[in-house]
Structures are given as C-alpha cells and as structure tokens.
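> turn this into a model:
(one chain, ligands or ions: 2)
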Amino acid sequence: MEPTTFVLFGATGDLAKRKIYPALFNLFIDDKLPASFALIGLGRRDWSDDKFRGNIEQSIRDFSRRKAVNESKLAAFLQAFSYSVLDIGNLEDYAKLLGRIESREQKLGLAPNRLFYLSVGPEYFETIAENIQESGLGSANGWKRLVIEKPFGHDLQTARGLNAMLGKAFAEEEIFRIDHYLGKPMLQRFKVLQQSNPIIQTLWTNRSIANVQITANETVGVEERAGYYDHVGALRDMFQNHMLQLLMMTAIRTSTGSDAEVVRFKKKHIMEALEPLQKADVANSIVRGQYGSGYLQGQPVNGYTSEPGIAEGSMNDTFIAAKLSIDDSFWRGVPFYIRTGKRLKEKSTRIVIEFKEPLKQSSVSEDGAAEPNLLVIEMSPGESISLQLNTMGASVKEASKPICIDIDPGQGDLPEAYENLIHDALLGDGTYFAHWDEVEASWAWVQPILEAYEENSVPLHTYAAGTYGPAEADELLARDGYHWWFDAVEPAKQLTVAAQL
Ligand SMILES: NC(=O)C1=CN([C@@H]2O[C@H](COP(=O)(O)OP(=O)(O)OC[C@H]3O[C@@H](n4cnc5c(N)ncnc54)[C@H](OP(=O)(O)O)[C@@H]3O)[C@@H](O)[C@H]2O)C=CC1
Ligand SMILES: O=C1O[C@H](COP(=O)(O)O)[C@@H](O)[C@H](O)[C@H]1O
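Ligands and ions are numbered 1, 2, ... in the order given. This next block holds a predicted model:
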C-alpha cells in the first residue's frame, strides 16, 4: 500500500472516537495500514499530541471489537498520530498544515499522497473542500482523496449544489462517499456468494424470485440527536441512503472480479429502472409512521413528541415502509419491500429473498403446507446467510416442514463496516462507496415523497413503541399476498438450523 498522510477533520469528535480510531487500530493489527502511515488530527480544541494520543488510546479500549488490547502494538500504533489546531474557516491554518505535512514528506522522502477525511458536520463540507484547494494542500504530485460522511445534501437540489462545490476541488474518482451499510461485512459476503455461485446466479431473476424484503429496524429512539433527527426523519436519515443502497446491491447482478466501475454502472442502471413515484401516488406505496409511547423490553418509553428537544406537535417521520418496482427484464413483476424505523420491537437488519412456489401456483400442491424457499441475509445483530428449504416431517404422510441451512454463518470476529471502508479508501477502491450518480438518482427518487410529506398529503400513522410499526406496513404486503418474514416469530416456532455447509 502506498505511503499515506491521513488528514482527519473532526478528530476530537464522536464519530472519530467511536468508529474511526478503533477501525484504524484493527487495520493496524491486521497489517492492513500502509507501512508509512501518519494521521494528523484536526479540531479547534487546543490539544497537545500527547493529549490526542491519550484520547485515541481510550477510544480503542472503549470501542475496539477486540476485547484484549496488545499493549506494545497499541504503543507503536499511537506513534503515527499527531494533532494540529485548525479552524475550518481559517485559510491560514491550512497553510500551516501544508507546511507540516510537506516537511514530514520531505524528511522521509515520501510521495505526497493525502487522504482528507471529513468527520465534521455537513455545513463544513464546502468550506473545507474550498480551503484544501486554495491552500495548495490538494495540489501535490501524489494522489489526493476526499472521504466524506453523510448526510450528502438535504434534498435533490442541495445535494447537487454540494456535489458541484466539491467537484471544483476533487474529481469524482477522488471522492469516497461513506455509506456505512455498504461496509457491513455480511453485505459484502452476500455479494461474493452471489457472484461465485452459478446456482444462485441462475435464480437471480423474476422467474424464480417472488419478492425481496429489506428491513432495518432499530430499538433506539431519537437519543441525543433531536436537533438533527427532527429535521431529517427516517426518509432522509436511513431510506434515501442506506436502504436504497441495499436495494441496489441486492438487485445488481455482477460476476467475480467486477470492479468499482462495473458495480457503479449496474447500480446506476437499477436506479434508472426504478419506477418513479408521482407525488399524488405516494400514499399508495409509502407508509409514514411516528412512534408513540410504549414498552421496550418491559420498560415504558416516551413517544417521539415527548422526547427532549423534539418540537411540539412534530410531524417528523420515524418509520417508513415502501413498495418499489424495478422495470427491467430481470426484475419486472418482483416487488421490493423496504422498511426502517426507530423504537421498534427488536434490532434487525436483514434482506430476505422469497422464492416463487411453482407447485402452489400451478395448483399441484395438495396441502399447500410447504413454506416458500427463502434466502436470508442477517446483517445485524447476528451475522449469517441462510437458506430455508422444505424437508420431510417425521413420516412421509406428514406435511413437509421447513428447515434452515446456514450457508455462511457469522464468524464472531468479522471486521466492522468502518474497517472495510477505510481500508478500501486507502487502496483507492470505490466499489463499496456511493457514487454521485447513485446519490443523485436516490434523491431524485425520494423527492416526490419529501414533497408529499411537506404538503402532509401522506397520513402519519402513530405506532406504539416496541411494535413492528404501523399496521399499514403489513397491509402493503398483504395486498400482494405476502407478509414480512420473521416478525413476531415465537421462539418455539423458529426454524431449526439443520446443517452448516
Ligand atoms: N457520530 C456518529 O455516530 C455519526 C456521525 N456521522 C457524521 O459524521 C460527522 C461528524 O459527526 P460527529 O463526530 O458525531 O460530530 P461531533 O459534533 O461529535 O464532532 C464534530 C467535530 O467537528 C469539529 N469542528 C466543529 N466545528 C469546527 C470548526 N469550525 N473548525 C474545526 N473543527 C470543527 C469538532 O472539533 P472541535 O470541537 O475541537 O472544534 C469535532 O471534532 C457528521 O457529518 C455526522 O453527520 C455519520 C454517521 C454516524
Ligand atoms: O446512519 C445511521 O445509521 C444508524 C443505524 O446504523 P446501524 O449500523 O446500527 O444499523 C441509525 O441509528 C442512525 O439514525 C443513522 O444516522
């Protein structure tokens, strides 16, 4: 891997502490950082290098997925870190930073490869990009990359404005837009499984698939993020980015070795083929919800509008369910159902592929007892890929019974999303980042929903905290003869895991 200077804006913040430093440490332990690697942390706080390193050390002890920390490795790792005070709006601070980076590069004879990571609020993105350009920080002889956190815009127009601004300082292939769902290990393993198994590739069409269900249910409420969340809601916070990315990744058909360009091209095609919604029709395909008070794990919890910092009478959405259709020859006729929300019964992020039941459809099946075959990608909290099949009951006369085969059981110590993504950014591999074409198309697709919400032409259903969301989200599938898989499955009825392949 090429020598790299990692310039971290927002080095004193929450994301850096909880995700970025533990991810970098795990990469270091796994020998996945460049041999010559230095990180310069930036913030307004007047910290010394020692204070900065002390904070990083604490974040690794608190948040690393590895329970036991190798002390000598940690000490070696911390040597790569230093800190500079920088005010984002002050161009002179960038000039000082440039001097510091150049002197290190010259002293060690390193190529001037610089990765700028923006772990700061979106209101700063444009100023930083502009000042990197102005100061000359981004015009050295090596490569430069910009890693940028969400949110990328607030709607179609602001996203376009931001992209145009960033485009003055960075080319598209230099911009790495983080969507941490793309870094989730089970999503990446699912793509490999699909690419490397002809049996699965063959099934990946509307001839075999009845519907696709993508769920990202959370038990947490708005937490301490009222100021952000009350202006954003589930549609902007989760649906426009993470959920549509999961849809694209599920729908694309790629083969082994497909590079970033191929993946981007195919994802763009999916977004272009997604049947657009008209504002007047939004209520037919979209269910908007907001949590009321209720119980989670036996404890009473507040309704959304009683949460600290939420505007009285807020109409903000904390839940969305949607039915989407892809109008191309592979997916025509296959509904994609998506849902995500806060304060739901359990945390679960999963993709379920429900296969067709040809026997049932042609009325050959006598008892109708067989369950459909399902491919289930569990991304959180458990990690596994399994296949539901039917087998014989205790005797041939009994109805068949479903069993579940673990194709790719979670191995307990998988890398975290941020490890995968930071590693890819260091390598310059954009396969699991959001390309501008996808971001623009996603905003364009949700724009009529944003407008319908704004005009309040879509009902806002209250659901009790600790449930699976509004009943209308179940009706969305029931209309087509389907139901959400794995909701309210009593433990006794859960499928037996029959074997591990
Ligand atoms: N926290 C999370 O879990 C997630 C966060 N994100 C995104 O990541 C980004 C960062 O979030 P988070 O870490 O939570 O935010 P924090 O508020 O915790 O941190 C903000 C950082 O920005 C720095 N900063 C703010 N203003 C200035 C300034 N004028 N000049 C220099 N530095 C400044 C702060 O440094 P100082 O105070 O020292 O000036 C601090 O390091 C946001 O875009 C957020 O949306 C995305 C997903 C999850
Ligand atoms: O980006 C976000 O994601 C989290 C959920 O992420 P997960 O990896 O825990 O599924 C969500 O809580 C947050 O509101 C949103 O900004």
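
> who's in contact with the one residue in the stretch 1-150 of the chain that gets nearest to ligand 1?
Residue nearest to ligand 1 within the stretch 1-150 of the chain (CB to the nearest ligand atom): residue 13, separated by 2.3 Å. In short, each C-beta sits where N, CA and C put it, glycine included. Residues in contact with residue 13 (CB atoms under 8 Å, 6 or more residues apart in numbering) are 43, 119, 120.

> which ones among these are found in strands?
residue 43 (DSSP state E).

> now that we have the contacts of residue 13, which of them are buried?
Among the contacts of residue 13, the ones that count as buried by 16 or more other CB atoms under 10 Å are 43, 119, 120.

> now flag whichever of the residues you listed is closest to residue 321.
Proximity of these to residue 321 (CB to CB) peaks at residue 119, which lies at 31.5 Å.

> surely the closest one meets residue 12?
No: using CB atoms under 8 Å, residue 119 makes no contact with residue 12, being 9.6 Å away.

> residue 419 and residue 58, how far apart?
Distance, residue 419 to residue 58, by CB to CB, to the nearest Å: 19 Å.

> of those two, give the one with the bigger neighbour count.
Remark: of residue 419 and residue 58, residue 419 carries more neighbours, 22 against 12, as counted by other CB atoms under 10 Å.

> where does that one land in three-state SS?
Secondary structure state of residue 419, per DSSP: H, G, I helix; E, B strand; the rest coil, is helix.

> surely residue 84 is in a helix?
No: with three-state DSSP as the criterion, residue 84 is assigned strand and is not in a helix.

> what's opposite it in the beta bridge?
With DSSP bridges as the criterion, residue 84 is bridged to residue 42.

> which residues does it contact?
Each residue near residue 84 by CB under 8 Å, 6+ apart is listed here: 40, 41, 42, 93, 96, 97, 100.

> let's see 6 Å
40, 42, 97 (CB atoms under 6 Å, 6 or more residues apart in numbering).

> quick check, pLDDT for it.
With respect to pLDDT, residue 84 scores 96.

> show me what counts as buried in stretch 71-91.
74, 77, 78, 80, 81, 83, 84, 86, 88.

> the closest residue to residue 337 other than its chain neighbours: how many residues sit nearby?
Among residues not flanking residue 337 along the chain, residue 213 sits closest, at 4.9 Å (CB to CB, 6 or more residues apart in numbering). When neighbours are counted by other CB under 10 Å, residue 213 registers 22.

> for residue 213, grab phi and psi.
The phi and psi values for residue 213, taken as degrees, to the nearest 10, are phi -120, psi 130.

> likewise residue 476?
Main-chain torsions, residue 476, degrees, to the nearest 10: phi -50, psi -40.

> next one: it, what pLDDT does it get?
97.

> backbone dihedrals for the most centrally placed residue in the chain, please?
Per CA atoms, centre = their mean, the C-alpha nearest to the average position across the chain is that of residue 181, at 2.0 Å. As for residue 181, its main-chain torsions (degrees, to the nearest 10) stand at phi -70, psi -30.

> quick check, pLDDT for the residue nearest to it when sequence neighbours are not counted.
Excluding its sequence neighbours, the residue lying closest to residue 181 (CB to CB, 6+ apart) is residue 242, at 4.1 Å. Residue 242 carries a pLDDT value of 98.

> quick check: residue 242 vs ligand 2, distance?
6 Å (CB to the nearest ligand atom, to the nearest Å).

> so what would you say the end-to-end distance of stretch 428-441 is?
Using CA to CA, to the nearest Å, one end of stretch 428-441 lies 23 Å from the other.

> same question for stretch 322-339.
Stretch 322-339 has an end-to-end distance of 6 Å (CA to CA).

> tell me which parts of the stretch 351-500 of the chain are close to ligand 2?
Contacts of the stretch 351-500 of the chain with ligand 2, taken as CB under 6 Å from any ligand atom, map to residue 380.

> tell me the secondary structure for the residue in the stretch 201-350 of the chain that ligand 1 sits nearest to?
In the stretch 201-350 of the chain, the residue that lies nearest ligand 1 is residue 228 (7.1 Å; CB to the nearest ligand atom). Three-state assignment for residue 228 (three-state DSSP): helix.

> just the pLDDT for it.
Value for residue 228, per-residue pLDDT: 94.

> where do the helices sit along the stretch 101-250 of the chain?
125-135, 156-167, 185-196, 198-203, 226-229, 233-234, 244-251 (DSSP state H, counting those that start in this stretch).

> need those helices in TSV with distance to ligand 2 and mean neighbour count, can you?
Below are these laid out as TSV (distance: least, CB to the nearest ligand atom, whole Å; neighbours: other CB atoms under 10 Å):
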stretch	distance to ligand 2	mean neighbour count
helix 125-135	16	19
helix 156-167	16	16
helix 185-196	11	18
helix 198-203	25	12
helix 226-229	7	16
helix 233-234	8	24
helix 244-251	11	24
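
> quick one: closest of these to residue 25.
Here helix 185-196 is closest among these (CB to CB), at 17.4 Å.

> and that closest one, what does it pack onto?
Here helix 185-196 touches strand 374-380, going by 3 or more CB pairs under 6 Å, 6 or more residues apart in numbering; DSSP states H and E.
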